[in-house]
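*Asks:* A predicted structure for the sequence below; I have some questions about it.
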Amino acid sequence: RPKGPDTKNSLKPVATALGAVLGRPVTFIADCMGPDAAATLAALPAGGIAVLENTRFHAGEEANDPAFVAALARLGDFYVNDAFSAAHRAHASTEGLAHRLPAFAGRTMEAELKALQAALGAPKRPVAAVVGGAKVSSKIDVLTHLVEKVDHLMIGGGMANTFLAARGINVGKSLCEHDLTATANDIMARADAARCTVHLPYDVVVARAFKAHAEHRIANIHDIQPDEMVLDIGPAAVEALADALKTCATLLWNGPMGAFEIPPFDAGTVALARTAAALTRAGTLVTVAGGGDTVAALAHAGVTHDFSFISTAGGAFLEWMEGKALPGVVALQQA
């Protein structure tokens with residue numbers, strides 16, 4: 001997020017890398033607008049390729065300034081947006097240009113939108129959503145939206161502790177947003193009204209230290225000691241979730257089930273991911289996943305090539321899961 005021109009955020013290395021991938025010359029243009037850019041583009045041979053400098057070096061990009069949009073539009077005949085990961089931003093290069101030039105989705109954008117439509121738009125049912133991660137506060141809107149859309153909501157990670165606490169469970173020293181227990185109860189009430197089954201772990205992996213290979217044990221949720229913290233879901237919980245997945249046709253996954261970066265607290269995430277991958281290979285489950293931690297967790301489990309689709313996006317994927325309209329997508333639909 002540069003604040004003006006910044007060599008550390010230049011796209012020049014991208015132009016070099018693109019040339020290496022394509023095996024042909026790629027011209028780098030040191031600005032994304034203006035007479036020099038126009039002249040260099042005009043001089044390109046037929047089939048020539050150029051990369052323009054970072055649009056965020058100009059304040060008009062994030063402001064979606066009409067004059068900046070017009071300056072960009074003068075450089076081309078068509079606009080193709082292939083950046084779903086930036087589609088939640090109404091910026092000049094992600095939204096404004098779609099109103100000034102004939103506009104199209106690129107192949108990656110197309111694949112993202114088709115996969116997301118298959119996951120929540122018009123999915124095969126039953127639909128399950130695995131939602132993990134550290135905090136309920138970062139995913140309140142996601143959870144509230146999903147209970148109206150899915151048949152099974154499987155909650156793990158640190159946020160599961162908040163839901164357990166809302167049900168009167170003592171979670172010891174675990175990461176827990178005790179001030180959001182009312183919110184958790186509201187989400188569970190909404191789920192009941194929508195006939196969505198909320199799955200919380202009934203056994204967990206606990207430890208007294210948050211470090212790799214810390215002394216740990218498997219505990220029933222009613223047996224968490226005051227000086228222990230929950231760092232993963234337990235094997236019985238994994239088995240129960242796996243059994244539920246075997247009854248489902250579609251799975252949407254966002255967030256790990258535990259502290260997957262630190263062994264052995266990766267076991268729950270890895271086991272459930274491998275079950276989902278096996279069901280995908282068998283052709284009984286469509287699996288769509290997204291979010292930075294999610295991609296890393298699935299890569300750690302070695303299943304990225306087995307899932308039906310893994311999104312390139314972080315923030316855009318979350319906003320889509322919240323049911324929000326993405327400006328970059330809306331502009332293409334209007335075009």
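*Replies:* Arrived safely, thanks for sending. Numbers count the residues shown, from 1 in each chain.
*Asks:* let's verify residue 319: helix, strand, or coil?
*Replies:* With DSSP: H, G, I helix; E, B strand; the rest coil as the basis, the three-state label of residue 319 is helix.
*Asks:* correct me if wrong: it contacts residue 86.
*Replies:* No. Counting by C-beta atoms under 8 Å, residue 319 stays clear of residue 86, with 11.4 Å between them. The way it works is simple: take the backbone N, C-alpha and C, and place the C-beta from them, glycine included.
*Asks:* mind listing what residue 209 touches?
*Replies:* For residue 209, the contact set (C-beta atoms under 8 Å, 6 or more residues apart in numbering) comprises residue 215.
*Asks:* can you tell me the SS state at it?
*Replies:* Secondary structure of residue 209, reduced to three states by three-state DSSP: coil.
*Asks:* same question for residue 283.
*Replies:* Here residue 283 is recorded as coil under three-state DSSP.
*Asks:* any idea how far residue 172 is from residue 276?
*Replies:* Look at residue 276 and residue 172: by C-beta to C-beta, to the nearest Å, they are 29 Å apart.
*Asks:* who has more neighbours out of the two?
*Replies:* residue 276 (27 against 17; other C-beta atoms under 10 Å).
*Asks:* ramachandran angles for the residue at the greatest distance from the centre of the chain?
*Replies:* Distance from the C-alpha centroid of the chain, by C-alpha atoms, centre = their mean, peaks at residue 43 (40.2 Å). Note on residue 43: its backbone torsions stand at phi -90, psi -10 [degrees, to the nearest 10].
*Asks:* state the distance from it to residue 19.
*Replies:* Counting by C-beta to C-beta, the gap from residue 43 to residue 19 is 17 Å.
*Asks:* and if you look at residue 293?
*Replies:* 33 Å.
*Asks:* same check, this time on residue 105
*Replies:* Residue 105 is 25 Å from residue 19, by C-beta to C-beta.
*Asks:* residues making contact with stretch 138-146?
*Replies:* 129, 131, 133, 136, 153, 155, 159, 180, 183, 187, 190, 196, 252, 254-255, 318, 321-324.
*Asks:* just the buried residues of those.
*Replies:* Buried residues within those, counting neighbours by 16 or more other C-beta atoms under 10 Å: 129, 131, 133, 136, 153, 155, 159, 180, 183, 187, 190, 196, 252, 254-255, 318, 321-322.
*Asks:* and this structure, split by domain according to the record?
*Replies:* Structurally, the chain divides into domains by automatic domain parsing as follows: 7-110+326-334, 114-321.
*Asks:* beta partners for the nearest residue to residue 32 once chain neighbours are set aside?
*Replies:* Ranked by C-beta to C-beta, 6 or more residues apart in numbering and with sequence neighbours excluded, the top spatial neighbour of residue 32 is residue 52, at 4.0 Å. Beta bridges link residue 52 to residue 29 when assigned by DSSP bridges.
*Asks:* gap between the residue nearest to residue 216 when sequence neighbours are not counted and residue 247?
*Replies:* Once flanking residues are discounted, residue 216 sits nearest to residue 207: 4.0 Å by C-beta to C-beta, 6+ apart. For residue 207, the distance to residue 247 equals 32 Å [C-beta to C-beta].
*Asks:* the two: who's more crowded?
*Replies:* residue 207 (21 against 12).
*Asks:* for residue 179, grab the count of nearby residues.
*Replies:* Other residues close to residue 179 by other C-beta under 10 Å number 10.
*Asks:* doesn't it lie inside a helix?
*Replies:* Yes. Assigned with three-state DSSP, residue 179 falls within a helix.
*Asks:* residue 191 contacts residue 153, doesn't it?
*Replies:* Yes. With contact defined as C-beta under 8 Å, residue 191 counts as touching residue 153 (6.2 Å).
*Asks:* list the residues that contact both of those two?
*Replies:* Residues touching both residue 191 and residue 153 (C-beta under 8 Å, 6+ apart): 147, 197, 198.
*Asks:* now do the first one against residue 87, distance only.
*Replies:* Read it as residue 147. Residue 147 sits 24 Å away from residue 87, going by C-beta to C-beta.
*Asks:* who's more crowded, these two?
*Replies:* residue 87 (28 against 22).
*Asks:* does the residue nearest to that one when sequence neighbours are not counted count as helix, strand or coil?
*Replies:* Take residue 87 and drop its neighbours on the chain: the residue closest to it by C-beta to C-beta, 6+ apart is residue 328, 3.3 Å away. At residue 328 the chain is in helix, as set by three-state DSSP.
*Asks:* give me the neighbour count for residue 328.
*Replies:* Neighbour count for residue 328, taken as other C-beta under 10 Å: 24.
*Asks:* assess the claim that it and residue 82 are in contact.
*Replies:* No. Using C-beta under 8 Å, residue 328 makes no contact with residue 82, being 10.4 Å away.
*Asks:* before we move on, back to that, nearest to residue 1, out of the domains of the chain?
*Replies:* Residue 1 lies closest to domain 7-110+326-334 among the domains of the chain, at 7.0 Å (C-beta to C-beta).
*Asks:* having no further points to raise, I will conclude here.
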